[in-house]
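Novice: what shape does this take:
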Amino acid sequence: MREKLGVSQKTLDAALKTSKPEVRGLVGNEGHFGEQVGLTKDWVVRIIRHVGNYAESYHRNVGVKTPLGIPRGLNQLWLAGGILYALPIR
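Specialist: Model (predicted):
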């Protein structure tokens, strides 16, 4: 979830207080995206709080420090040389 914006389990509380419009929309403090698709305003917050963003989930479940030991490689954001591109939430 929006790894590109830097929202993670560790930064979630700061993200909820930010003035950055893109982050405010992501965490449900601005706009009505969640409600428009039948979810609550805080759906992203609840996911990140319990599961983390994509990077956190990847590293915890299949990353190099797990028994599977799979390097992130192409599973990185496109900005870091991978193929993952998340569409903006608006």
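Novice: tell me how far the nearest residue to Ile70 once chain neighbours are set aside lies from Glu30.
Specialist: Sequence neighbours aside, Val62 is the residue nearest to Ile70 in space, at 4.8 Å (criterion: CB to CB, 6 or more residues apart in numbering). No exception for glycine: its C-beta is placed from N, CA and C like everyone else's. Using CB to CB, to the nearest Å, Val62 is found at 34 Å from Glu30.
Novice: same question for Ala80.
Specialist: Going from Ala80 to Glu30 by CB to CB gives 27 Å.
Novice: higher neighbour count, the two?
Specialist: The neighbour comparison of Ala80 against Glu30 (other CB atoms under 10 Å) goes to Glu30, with 14 against 11.
Novice: need the nearest residue in space to that one, chain neighbours excluded.
Specialist: Nearest to Glu30 is Arg24, by CB to CB, 6+ apart, at 4.1 Å.
Novice: helix or strand right after the helix or strand harbouring that neighbour?
Specialist: In this structure, Arg24 is located in helix 21-26 according to DSSP states H and E. Downstream of helix 21-26, the next assigned helix or strand under DSSP H and E is helix 33-36.
Novice: now the element after that following helix, going C-ward?
Specialist: On the C-terminal side of helix 33-36, the nearest following helix or strand under DSSP H and E is helix 43-50.
Novice: by mean pLDDT, point me to the weakest helix or strand of the chain.
Specialist: helix 33-36 (a mean of 88; mean pLDDT, DSSP states H and E).
Novice: what residues of that one count as buried?
Specialist: 33-34 (16 or more other CB atoms under 10 Å).
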